[in-house]
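Asker: following is a predicted model, sequence given first.
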Amino acid sequence: MAYEKELQVAQLAVARAAILTKAVFHEKAKGTVSKDDKSPVTIGDFGAQALIIAAIKHNFPSDEVVGEEEASSLREQKDLSSTIWNLVKDVKLDDPESDALLGGPIRSEAEMLDIIDMGNSAGGNKGRIWALDPIDGTKGFLRGGQYAVCLALIVDGDVKVGVLGCPNLPIDDREPLTEDMGAAASDAEGKGVLFSAVLGQGATSQPLTRRGASTDSTGVRPIHVSKISDVSEAVMCESVEPGHSSKGDNALIAEKLGITRKPVQMDSQAKYGSVARGAGDLYLRLPVRKDYIEKIWDHAAGDLIVREAGGQVTDVAGNRLNFGLGRTLTENKGVIAAPANVHAQVLKAVQEVLNSK
Ligand SMILES: Nc1ncnc2c1ncn2[C@@H]1O[C@H](COP(=O)(O)O)[C@@H](OP(=O)(O)O)[C@H]1O
Ligand SMILES: [Mg+2]
């Protein structure tokens, strides 16, 4: 199977980074960092980026990485850097064989900083480039709500492999979304899911934890978008943050489509995962600021996972997202993810609302 090793490395690297983010969250929950302190997300973000890039570079040394973070600020904050290093050096999967596949531990704090800076690829439509968002949905992470560890392999501009680790989503694909999903308590029993897709091979979900060589085949399920035929019954997913996606436009579109259910708000690419598994039906992200350009690491994995689960993902003009133009989606505005059979109808409503403004 094509991209088998890439998929395995991506899944294990995301699972290992998710362990780190959960450890950071527990420290916060214990009160060792204050409630207003943003450092937990910084610690989790940099630590997860270091762990994931180390795994990529060990297995595919000449691949490039477009990572959200870079270490220059960290080099000036010695205390923060050593806090991150103390976590990173001890993070392990519970299966030594899988850990070994990701390479030996990072050797020093200095090496960790250098690895974080390897996420500086300019992107583009040539060669093998990984898009990495170590903690997507930073606001959700801080709240104890939804966040995702996101990794995708882009080859010559096309997404081939996508993996999303969502520590606070239910394991069960059939568990309905609730309106307060974004505020869901962290780390409850039955939470933590890993979504994956390889181009042309479909999409899957599996429990995020207890992954390893010996349990590799357990719990892997194919996922599909919902079989909705009457779009007025749709469950719509949208951002929690009003600055990231227009709530007003979404409400007008819902009205046009006859949707009466309140939208489910959650941070991060957990929205793409929720649509891919059919727990939600639609994901709409309509621009608030005209000048904002979406980043490839916020969409690459989710875009492939939804498409491989039978969905369509376009911008508000109806074009596919173009991941081959650099670190950002320069040619796209907004995102519409929906089951293939209703996408055209939703797109039409989106365009009517936007054109009437
Ligand atoms: N004005 C804006 N419009 C759209 N997206 C924005 C934005 N400002 C920031 N973002 C992106 O929105 C992402 C979160 O999306 P969501 O609202 O779906 O949770 C952020 O990722 P991070 O949380 O990784 O920084 C950030 O990259
Ligand atoms: Mg992000």
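Answerer: Done, it's in. Ligands and ions are numbered 1, 2, ... in the order given.

Asker: got phi/psi on Phe195?
Answerer: Per-residue torsions, Phe195: phi -100, psi 140 (degrees, to the nearest 10).

Asker: likewise for Arg107?
Answerer: According to degrees, to the nearest 10, Arg107 has phi -80, psi -30.

Asker: give me the neighbour count for the nearest residue to Val88 once chain neighbours are set aside.
Answerer: Of all residues beyond its chain neighbours, the one nearest Val88 is Gly47 (4.9 Å), with distances taken as CB to CB, 6 or more residues apart in numbering. Using the backbone N, CA and C atoms, a C-beta is placed for each residue, glycine as well. Neighbour count of Gly47, defined by other CB atoms under 10 Å: 28.

Asker: doesn't Ile84 make contact with Gly47?
Answerer: Yes: assessed by CB atoms under 8 Å, Gly47 is found in contact with Ile84 at 4.9 Å.

Asker: got the domain ranges for this protein?
Answerer: 4-222, 231-355 (automatic domain parsing).

Asker: what's the least confident stretch among these?
Answerer: Of all these, the minimum mean pLDDT falls on domain 4-222 (a mean of 90).

Asker: for that one, measure first residue to last.
Answerer: This stretch, domain 4-222, spans 16 Å end to end (CA to CA, to the nearest Å).

Asker: kindly report the same for stretch 148-161.
Answerer: 16 Å.

Asker: next, the buried residues of that stretch.
Answerer: Ala148, Val149, Cys150, Leu151, Ala152, Leu153, Ile154, Val155, Val159, Lys160, Val161 (16 or more other CB atoms under 10 Å).

Asker: what parts of the chain come near ligand 2?
Answerer: Asp133, Asp136, Asp298 (CB under 5 Å from the ion).

Asker: quick check: next helix or strand after the strand or helix carrying the first one?
Answerer: Assessed by DSSP states H and E, Asp133 sits inside strand 128-136. Under the assignment DSSP H and E, the closest C-terminal helix or strand after strand 128-136 is helix 138-143.

Asker: show me what that next one is packed up against.
Answerer: helix 39-59 (3 or more CB pairs under 8 Å, 6 or more residues apart in numbering; DSSP states H and E).

Asker: who does the helix it packs on touch, helix- and strand-wise?
Answerer: helix 4-29, strand 64-67, helix 78-88, helix 109-116, strand 128-136, helix 138-143, strand 148-155.

Asker: and these, which is most packed in?
Answerer: strand 148-155 (a mean of 29; mean count of other CB atoms under 10 Å).

Asker: ok, then the element right after that strand?
Answerer: Past strand 148-155, the next helix or strand by DSSP H and E is strand 158-170.

Asker: which parts of the stretch 151-300 of the chain sit against ligand 1?
Answerer: Ser239, Glu241, Gly243, His244, Asp267, Ser268, Val288, Arg289, Tyr292, Lys295, Asp298 (CB under 6 Å from any ligand atom).

Asker: contacting residues for the last one?
Answerer: Under the criterion of CB atoms under 8 Å, 6 or more residues apart in numbering, the contact list for Asp298 reads Asp133, Asp136, Cys150, Gln269.

Asker: next, give me the two most distant ones among the residues you listed.
Answerer: Asp133 and Gln269 (7.6 Å; CB to CB).

Asker: ok, the closest residue to ligand 2 within the chain to Lys227 distance?
Answerer: Using CB to the ion, the single residue of the chain nearest to ligand 2 is Asp136, 3.5 Å away. According to CB to CB, to the nearest Å, Asp136 and Lys227 sit 28 Å apart.

Asker: ok, now Lys357?
Answerer: 33 Å.

Asker: before we move on, what about Ala338?
Answerer: Counting by CB to CB - Ala338 and Lys227 are separated by 12 Å.

Asker: with Lys295 instead?
Answerer: 32 Å.

Asker: looking at these two, which is more packed in?
Answerer: Each of Lys295 and Lys227 has its neighbours counted (other CB under 10 Å); Lys295 has more, 17 against 10.

Asker: looks like the more buried one contacts Thr328 (just checking).
Answerer: Yes: using CB under 8 Å, Lys295 is in contact with Thr328, at 5.6 Å.

Asker: give me the common contacts of these two.
Answerer: Counting by CB under 8 Å, 6+ apart, nothing touches both Lys295 and Thr328.

Asker: for Gly103, list the residues it contacts.
Answerer: Ala54, Ala55, Lys57, His58, Asn59.

Asker: give me the buried entries from the residues you listed.
Answerer: Ala54, Ala55, Lys57, Asn59.

Asker: who's in contact with the first one?
Answerer: Shown in contact with Ala54 (CB under 8 Å, 6+ apart): Leu102, Gly103, Ile106, Ile115.

Asker: these: which two are farthest apart?
Answerer: Leu102 and Ile115 (12.5 Å).

Asker: I'd like the distance from stretch 298-309 to the chain centre, please.
Answerer: 9 Å (CA atoms, centre = their mean, to the nearest Å).

Asker: ditto for stretch 281-289
Answerer: Counting by CA atoms, centre = their mean, stretch 281-289 comes out at 16 Å from the chain centroid.

Asker: for that stretch, give me every contacting residue.
Answerer: Residues contacting stretch 281-289 (CB under 8 Å, 6+ apart): 225-226, 228, 231, 233-239, 242-246, 249-250, 253, 271-272, 274-275, 306, 316, 333-339, 342, 346, 350, 354.
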